[in-house]
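>>> predicted coordinates and the sequence they were generated for:
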Amino acid sequence: MSETRIIPITSGDSLHTYGSIGTMDYTVRLSVRLDSLIDGEVLKTALESTQKRYPYLKLRMKKQGADLYYEENPLPVCLFNTDRRISLNCEETNYHVWAVCYKDDFVYLDFYHGICDGTGMYMVLSTLLYYYIDGKYGNCDSTGIRTLEEIAAVKGNIFLSFHQRFKEDKYYKAVLKQLEDHGIPYIEKRVMENDISHFPDAL
């Protein structure tokens, strides 16, 4: 059995936790309307491919004492035939921090904003829609879409961009250690080395 990887939550992100763990609802819903009723079975298959494309988003949030952290979640991401808002990080969603819903001709993607920004989750949504349309109708163009086939092109490398301000951050170091412990290659890129305007406590 492989060891579960634990990823600490940054102090800034901890301000936006939700539910029984935190004090703020920080969830977002993306929605898209198609021109025909959603085929649940095809969407289920599309979701299976999508979560394989983004394995680093298969997480649950946990709390131990005063510490909040993400833990890898091997359970499948859930699909619901409903248009109601879903409670994340609970038994209903296999404790995942994102889920997919559908109703009539709408597809909804509910996610916790702490794992990704809107732009990033739009990429997840585009992958989901690509696999759905390709599975439903075939011959779908994948240009600009993140797919499973695309992963081979980067050969497993992870590219990390971070502010020089965080070079000694213990959480950032913890992420690097996790990558190193599991033999995952990564490339670091320090950005805005002289810009501390967004970090007044550094003055």
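That came in fine, so what should we check first?

>>> where in the protein is pLDDT low?
Scanning the chain for pLDDT under 70 picks out 1-26, 66, 150-172, 174-175, 178-179, 182, 184-203.

>>> can you give me the strands for it?
6-8, 27-33, 59-64, 67-72, 79-80, 98-103, 106-112, 158-163, 186-191 (DSSP state E).

>>> so which elements touch the fourth one?
For strand 67-72, the packing partners by 3 or more CB pairs under 8 Å, 6 or more residues apart in numbering; DSSP states H and E come out as strand 6-8, strand 59-64. Every C-beta, even on glycine, is put in place using the N, C-alpha and C of the backbone.

>>> just checking: what are the partner strands of that strand?
strand 6-8 (antiparallel), strand 59-64 (antiparallel) (DSSP bridges).

>>> which positions in that strand come out as buried?
L68, Y69, Y70 (16 or more other CB atoms under 10 Å).

>>> the first one pairs with what?
When assigned by DSSP bridges, L68 has beta-bridge partners K63.

>>> that one and Y137, how far apart?
Applying CB to CB, to the nearest Å, the value for L68 to Y137 is 43 Å.

>>> so where's the longest helix in the chain?
helix 118-137 (DSSP state H).

>>> what angle do that helix and strand 106-112 make?
140 degrees (axes from the mean of the first three to the mean of the last three CA atoms, to 10 degrees).

>>> what is helix 118-137 packed up against?
Helix 118-137 packs on strand 27-33, helix 40-53, strand 98-103, strand 106-112, going by 3+ CB pairs under 8 Å, 6+ apart.

>>> can you say which of these is nearest to E149?
For the helices and strands packed on helix 118-137, the distance to E149 is smallest for helix 40-53, at 9.4 Å, taking CB to CB.

>>> tell me the buried residues in that closest one?
V42, L43, A46, L47, S49, T50, Q51, R53.

>>> then stretch 79-88?
Those would be L79, F80, I86, L88, for stretch 79-88 by 16+ other CB under 10 Å.

>>> the third one contacts H96, doesn't it?
This points to I86. No - look at I86 against H96 with CB atoms under 8 Å: they stay out of range, at 9.9 Å.

>>> shared neighbours of these two, anything?
By CB atoms under 8 Å, 6 or more residues apart in numbering, I86 and H96 have these common neighbours: C78.

>>> show me this protein divided up by domain.
Taking automatic domain parsing as the domain assignment, the ranges for the chain are 6-144, 155-195.

>>> count residues in the vicinity of K173, would you?
13 (other CB atoms under 10 Å).

>>> and G144, how many neighbours does it have?
As a measure of burial, G144 has 8 neighbours, counting by other CB under 10 Å.

>>> give me the distance between it and W98.
For G144, the distance to W98 equals 21 Å [CB to CB].

>>> now S36
From S36 to W98 the distance is 25 Å (CB to CB).

>>> higher neighbour count, the two?
Remark: of S36 and W98, W98 carries more neighbours, 25 against 9, as counted by other CB under 10 Å.

>>> wait, doesn't that one sit right on V77?
Yes - using CB under 8 Å, W98 is in contact with V77, at 6.5 Å.
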